[in-house]
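Asker: Just need the structure, nothing else, for what follows:
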Amino acid sequence: MYTEESIEVFLKEQGRLYDEPVAETVEEAEEFLGETLDFESEDKELGRVIYRAAEKVTYGTEEGTVFLEFADDASGLSGLDTVRIEFTGENLNDFEETVLEAFREKLGVEEKILSYPSATLDGGLSIWSWTRENEESQTESLFEIRANEKKTEVCDKVSLVVTTQPCEKYAIKDGENQ
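Answerer: Now for the predicted structure:
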């Protein structure tokens, strides 16, 4: 089901979650994907529950896993708001460049690049983001590529992320979180 082309289509389709949710519940997400999801983890402090798709994803020569993150917090926000496709390996430097080139070709130059050190990653994390402005002049994240890079400058994880968090809680307007 998941190939390089279908990943790109799948990620593009997730954009519909901004305006019209594809899935509010795990059951609806399973129906949309056509497969059963496995519980991965829960963070009660952040109000997040993460499920993993059993079927692996292939992008080029790399194999990854699809994670679906559901919000369930005190503000009343709930439902699927983040889809993350995660690829791990000992050296994904070439894969990182391949993915960046492919999505730059499809989406244009990214809006921002964040790169910072992280003690927990034994190196750092780089994030390339593509965004859009919604009808309320708020900036929403459309797509991100995240790469964990060790101190040895070897990339060991690349994630393709569609964050569809509701703009009223997470969007940036006039340089501040709302």
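Asker: Give me the neighbour count for the closest residue to Gly79 other than its chain neighbours.
Answerer: In this structure, Gly79 finds its nearest non-sequential neighbour in Glu24, 3.9 Å apart by C-beta to C-beta, 6 or more residues apart in numbering. All C-beta atoms are positioned from the backbone trio N, CA, C, and that covers glycine. Per other C-beta atoms under 10 Å, the neighbour tally for Glu24 reads 12.
Asker: In this structure Glu24 contacts Leu80, no?
Answerer: Yes - at 7.0 Å, Glu24 counts as touching Leu80 under the criterion of C-beta atoms under 8 Å.
Asker: Can you point out the helix or strand that includes the most centrally placed residue in the chain?
Answerer: For the chain, Val161 is the residue whose C-alpha lies nearest the centre (C-alpha atoms, centre = their mean; 1.5 Å). Using DSSP states H and E, Val161 maps to strand 155-163.
Asker: hang on, the earlier thing: quick check: the residue nearest to Gly79 is in a strand.
Answerer: No - according to DSSP: H, G, I helix; E, B strand; the rest coil, Glu24 belongs to no strand; its state is coil.
Asker: roughly how far apart are it and Asp81?
Answerer: The spacing between Glu24 and Asp81, counted by C-beta to C-beta, to the nearest Å, is 10 Å.
Asker: just Ser129 next, same as before
Answerer: As judged by C-beta to C-beta, Ser129 and Asp81 stand 16 Å apart.
Asker: more crowded one of those two?
Answerer: Comparing Ser129 with Asp81 by other C-beta under 10 Å, the one with more neighbours is Asp81, at 21 against 18.
Asker: Which of the three states applies to that one?
Answerer: Relying on three-state DSSP, one would call Asp81 strand.
Asker: sec struct for the residue of the chain most remote from its centre, please.
Answerer: Each residue of the chain has a distance to the centre, and by C-alpha atoms, centre = their mean the biggest one is for Thr152: 25.1 Å. Secondary structure, three-state DSSP: Thr152 is coil.
Asker: give the contact list for it.
Answerer: Shown in contact with Thr152 (C-beta atoms under 8 Å, 6 or more residues apart in numbering): Gly123.
Asker: Need the mean per-residue confidence for the helix or strand containing Phe70.
Answerer: Using DSSP H and E, the secondary-structure element containing Phe70 is strand 62-72. Computed over strand 62-72, the mean pLDDT rounds to 87.
Asker: For that strand, name the packing helices and strands.
Answerer: Counting contacts by 3 or more C-beta pairs under 8 Å, 6 or more residues apart in numbering; DSSP states H and E, strand 62-72 is packed against helix 26-33, strand 48-53, strand 57-59, strand 78-88.
Asker: I'd like those written out as a markdown table, with mean pLDDT added.
Answerer: Putting the helices and strands packed on strand 62-72 into a markdown table (pLDDT from 0 to 100) gives the following:
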| stretch | mean pLDDT |
| --- | --- |
| helix 26-33 | 82 |
| strand 48-53 | 89 |
| strand 57-59 | 83 |
| strand 78-88 | 84 |
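Asker: No further queries at this time; thank you.
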